[in-house]
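[1] Need coordinates for the below:
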Amino acid sequence: MGSPTCRSAPCPTMAPRCRSAVLLVAAAALLHRQQPACAEMWLGTPPMGWDSFDGHPGGEYNESYARAMALIQAETLLPSGYDVVMHEGFSAGGLLAPGGIPYPEKAAGHQFRNIDEFGRPVADASRWPSSVVGSGSDDCACDARNCTDPEDKSMDCTSPVCICKEGTRSMLPFAEFLNSHGLRLGLWTWRGVHLAAVEHKLKVKGTQYTIDQIVDRNKDGTPCTEGRCPGTCPWFPSLGVNASHPGAQPYYDSLYELFASWKVEYVKADCEDGRRLGETLAQSNAAKKQPLIAGAVAGSDKPRTMALSLSPGTFGAQVSSGQFIAANQAATMYRITTDFWGGSGAVFGPLSPGGGGGGSIARASLHANASLIGANGTTLLLC
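    Okay, here's the model as predicted:
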């Protein structure tokens with residue numbers, strides 16, 4: 001057999017580290033007895049890095065730990081192209097009791113979530129000391145859980161929250177530490193706004209609107225903060241942003257401007273929902289507006305742009321959503337598999353007769369063959 005071709009040109013040479021990804025796509029296609037053309041199989045190397053996910057929910061994950069982990073990554077993984085260090089999951093929370101006393105427990109339910117006066121997530125100073133800008137005194141006001149039952153897990157009982165003045169917390173020093181070792185900073189974030197930003201009626205930066213005005217609302221006009229609101233993330237206390245509201249795009253613009261000021265080069269936006277593609281576009285538009293990031297990464301001349309990766313979270317990845325993302329070039333990467341929590345069934349499990357269920361390979365096959373996701377420049381997240 002001769003060399004395969006992509007349309008009229010020879011296929012690009014595949015880096016050894018990504019051959020397994022191409023085999024994964026090919027294996028997925030075989031489940032539907034369709035061999036995709038090379039153009040659909042190979043779309044270039046996506047951003048690569050180390051993602052701790054939410055494997056560090058307790059107080060043991062702090063800046064010293066992260067810096068030590070980054071040095072190991074620079075030595076062992078960077079030579080193979082894995083240059084993104086993800087600051088993920090619950091690691092963004094603080095571990096403080098009311099009054100600033102650290103909790104001895106590792107329970108994520110005791111963690112304070114840190115946001116600024118415009119409702120945007122910021123670093124916790126007790127775990128991320130380099131994030132403090134200025135004296136650090138009286139920068140944040142912290143509220144304990146807004147309920148009396150410590151076992152209450154409902155949306156009515158939010159996580160403790162600290163609200164910090166704008167500009168008093170920054171991940172820039174950590175990003176520049178990574179850059180000096182050839183690495184780049186990635187952040188996990190969520191779709192929507194934290195419930196505490198709604199309850200405190202924080203302002204949308206640069207507008208006359210407050211955050212409680214831009215979220216989904218009940219029929220009586222009140223913010224949809226109770227029950228299963230349509231835009232609520234079921235595993236995180238965030239409310240969906242009404243994309244049609246004139247304050248929605250400015251909110252997301254200010255969020256991604258904040259990330260850009262920290263030299264964040266990769267954003268994983270979680271809990272995306274195929275029923276809320278307008279909100280997805282608002283995030284995409286905000287990311288696209290960010291200019292090239294200034295400064296150098298040691299040993300690299302790659303342009304410094306902000307990559308946006310969309311994860312469907314609990315809602316699952318729908319084919320129609322992938323088609324929409326690809327047609328609108330709304331992200332650098334879009335995850336087309338379900339959450340992977342381990343076990344052979346999670347990888348190789350068959351699809352049900354109705355097309356539901358199935359392992360990661362089966363779901364990838366369903367999406368890739370049905371929609372050719374990625375044909376317009378969106379990378380399939382399989383590498």
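
[2] and the end-to-end length of stretch 294-308?
    Criterion C-alpha to C-alpha, to the nearest Å; first-to-last residue distance in stretch 294-308 is 18 Å.

[3] mind listing what's buried in that stretch?
    Buried residues in stretch 294-308, counting neighbours by 16 or more other C-beta atoms under 10 Å, are found at 297, 304-308. Bear in mind the C-beta positions are built from the backbone N, C-alpha and C, glycine included.

[4] and stretch 140-158, average pLDDT?
    Predicted confidence along stretch 140-158 averages 62 (mean pLDDT).

[5] On the C-terminal side of the helix or strand hosting residue 85, identify the next helix or strand.
    Residue 85 belongs to strand 84-87 when elements are defined using DSSP states H and E. Using DSSP H and E, the helix or strand that directly follows strand 84-87 along the chain is strand 113-116.

[6] Report all helices and strands that that following strand contacts.
    Other elements packing on strand 113-116 under the criterion 3 or more C-beta pairs under 8 Å, 6 or more residues apart in numbering; DSSP states H and E are strand 161-164, helix 195-199.

[7] got the CA coordinates for it in CSV?
    Backbone C-alpha positions of strand 113-116 (Å, rounded to 0.1, in the frame of the first residue of the first chain) are rendered in CSV as follows:
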residue,chain,number,x,y,z
ARG,A,113,-14.4,29.3,47.5
ASN,A,114,-12.6,32.5,46.7
ILE,A,115,-14.1,35.0,44.3
ASP,A,116,-13.4,38.7,43.7
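
[8] contacting residues around residue 163?
    Contacts of residue 163 were listed using C-beta atoms under 8 Å, 6 or more residues apart in numbering, and they are 115-117, 140-143, 196, 200, 202.

[9] again, only this time at 6 Å
    Contacts for residue 163 (C-beta atoms under 6 Å, 6 or more residues apart in numbering) come out as 115, 141.

[10] for residue 286, same thing?
    252-253, 256.

[11] which one of those residues is nearest residue 48?
    Top of the list for closeness to residue 48, among the contacts of residue 286 and by C-beta to C-beta, is residue 256 at 21.6 Å.

[12] That closest one touches residue 287, doesn't it?
    Yes - counting by C-beta atoms under 6 Å, residue 287 is a contact partner of residue 256 at 5.3 Å.

[13] so which of the helices and strands packed on strand 113-116 comes closest to residue 263?
    strand 161-164 (19.6 Å).

[14] quick one: strands adjacent to that closest one?
    strand 113-116 (parallel), strand 140-143 (antiparallel) (DSSP bridges).

[15] Please produce a markdown table containing the buried residues of stretch 294-308, extended by distance to residue 271, secondary structure and pLDDT.
    A markdown table is the format used below for the buried residues of stretch 294-308 (distance: C-beta to C-beta, whole Å; DSSP: H, G, I helix; E, B strand; the rest coil; pLDDT from 0 to 100):
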| residue | distance to residue 271 | secondary structure | pLDDT |
| --- | --- | --- | --- |
| 297 | 30 | strand | 94 |
| 304 | 27 | coil | 91 |
| 305 | 24 | coil | 90 |
| 306 | 19 | coil | 93 |
| 307 | 18 | strand | 92 |
| 308 | 14 | strand | 93 |
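
[16] Make CSV out of the residues you listed and add distance to residue 135.
    Formatted as CSV, the buried residues of stretch 294-308 follow (distance: C-beta to C-beta, whole Å):
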residue, distance to residue 135
297, 31
304, 31
305, 34
306, 31
307, 35
308, 35
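
[17] quick one: which two of those are the most distant?
    Between any two of the buried residues of stretch 294-308, the greatest separation by C-beta to C-beta is 18.9 Å, found for 297 and 308.

[18] So residue 169 versus residue 126, what's the distance?
    According to C-beta to C-beta, to the nearest Å, residue 169 stands 11 Å off from residue 126.

[19] Between those two, point out the one with more neighbours.
    residue 169 (27 against 17; other C-beta atoms under 10 Å).

[20] How about the more buried one, nearest residue that isn't a chain neighbour?
    Nearest residue to residue 169 in three dimensions, chain neighbours excluded: residue 122, at 3.9 Å (C-beta to C-beta, 6 or more residues apart in numbering).

[21] Can you list phi and psi of the one you found for me?
    Residue 122 has phi and psi values of phi -130, psi 170 when expressed as degrees, to the nearest 10.

[22] residue contacts, it?
    For residue 122, the contacting residues are 114, 116, 164, 169, taking C-beta under 6 Å, 6+ apart as the criterion.

[23] per-residue confidence for it?
    91.

[24] and which of the contacts of residue 122 is nearest residue 237?
    Residue 237 lies nearest to residue 114 out of the contacts of residue 122, by C-beta to C-beta, at 13.5 Å.

[25] pretty sure that closest one contacts residue 162?
    Yes - using C-beta under 6 Å, residue 114 is in contact with residue 162, at 4.8 Å.

[26] who has more neighbours, those two?
    Applying other C-beta under 10 Å to residue 114 and residue 162 shows that residue 114 carries more neighbours, namely 28 against 24.

[27] quick one: pLDDT of that one?
    pLDDT, residue 114: 86.

[28] That one and residue 282: what is the separation?
    Applying C-beta to C-beta, one obtains 23 Å for the distance of residue 114 from residue 282.

[29] Would you map the strands across this protein?
    Along the chain, the stretches classed as strands by DSSP state E are 5-6, 9-10, 49-51, 84-87, 113-116, 140-143, 161-164, 184-190, 193-194, 238-239, 264-270, 307-310, 333-334, 379-380.
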